[in-house]
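Asker: Sequence and predicted model, in that order:
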Amino acid sequence: MRCGACGYEHYVNARPTGSLIVVDGVGNFLALRRARPPRAGLWETPGGFADGWEEPVAAAVREGREELGVQVELGRFVGMYLGGYEFQGELLPVLDCFWLARLPEGAELELDPAESAGYTWFPLADPPPMAFPTMDRALRDAVALAG
């Protein structure tokens, strides 16, 4: 969009996220139950928006710490996926970036109740429908990477 009076241009670029596919080493991944809109009650992977000037990889690690209460061990990059996020009545473009991750040995999860209403482990090769289509795509791609 361009202002005809002053010439200022505004671009509606995708907002980057950092997300995790936490795997357990025996073919399962960690899913969180969304506690708030949009799509409250559906399953999701840990993650969220990168702060201004924050690299998506740093956002993924930070979001893991905030949402799970542990310092995750980051693994291979899975991919980037263009999607949408409903916020304040507007559909925003997002660029969801996913990494494989593991929990530290003996970790006990401390979920942020404002973010998640619970968690469970699902087979990576047979996930339930996720809250966002980018998560479905990333999980399919993660199957090959997790081996």
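Answerer: It's in.
Asker: nearest spatial neighbour of Leu92, skipping sequence neighbours?
Answerer: Of all residues beyond its chain neighbours, the one nearest Leu92 is Tyr85 (5.0 Å), with distances taken as C-beta to C-beta, 6 or more residues apart in numbering. C-beta: built from backbone N, CA, C; applies to glycine.
Asker: What is the burial count for that neighbour?
Answerer: 18 (other C-beta atoms under 10 Å).
Asker: what does the one 4 residues further on give?
Answerer: Look at Gly89: counted by other C-beta under 10 Å, it has 5 neighbours.
Asker: what's the longest strand in the protein?
Answerer: The single longest strand within the chain, with elements called by DSSP state E, is strand 73-87.
Asker: in that one, what's buried?
Answerer: 74-75, 78, 81, 83, 85 (16 or more other C-beta atoms under 10 Å).
Asker: next structured bit after that strand?
Answerer: Where DSSP states H and E defines the elements, the next helix or strand beyond strand 73-87 is strand 90-102.
Asker: what stretches of the protein score poorly on pLDDT?
Answerer: Filtered on pLDDT under 70, the chain yields the residue ranges 147.
Asker: for it, what spans make up the strands?
Answerer: Using DSSP E, strands in the chain cover 15-22, 28-34, 43-44, 47-49, 73-87, 90-102, 116-123.
Asker: Single out the most deeply packed of these.
Answerer: Of all the strands of the chain, strand 15-22 carries the top mean neighbour count, a mean of 23, counting by mean count of other C-beta atoms under 10 Å.
Asker: Can you give me the distance of Ala125 to Ala144?
Answerer: Here Ala125 is placed at a distance of 10 Å from Ala144 (C-beta to C-beta, to the nearest Å).
Asker: How about the contacts made by Leu20?
Answerer: 45-47, 60, 63-64, 72, 74, 98-101 (C-beta atoms under 8 Å, 6 or more residues apart in numbering).
Asker: For it, list each beta-bridge partner.
Answerer: Leu20 forms beta bridges with Trp99, as assigned by DSSP bridges.
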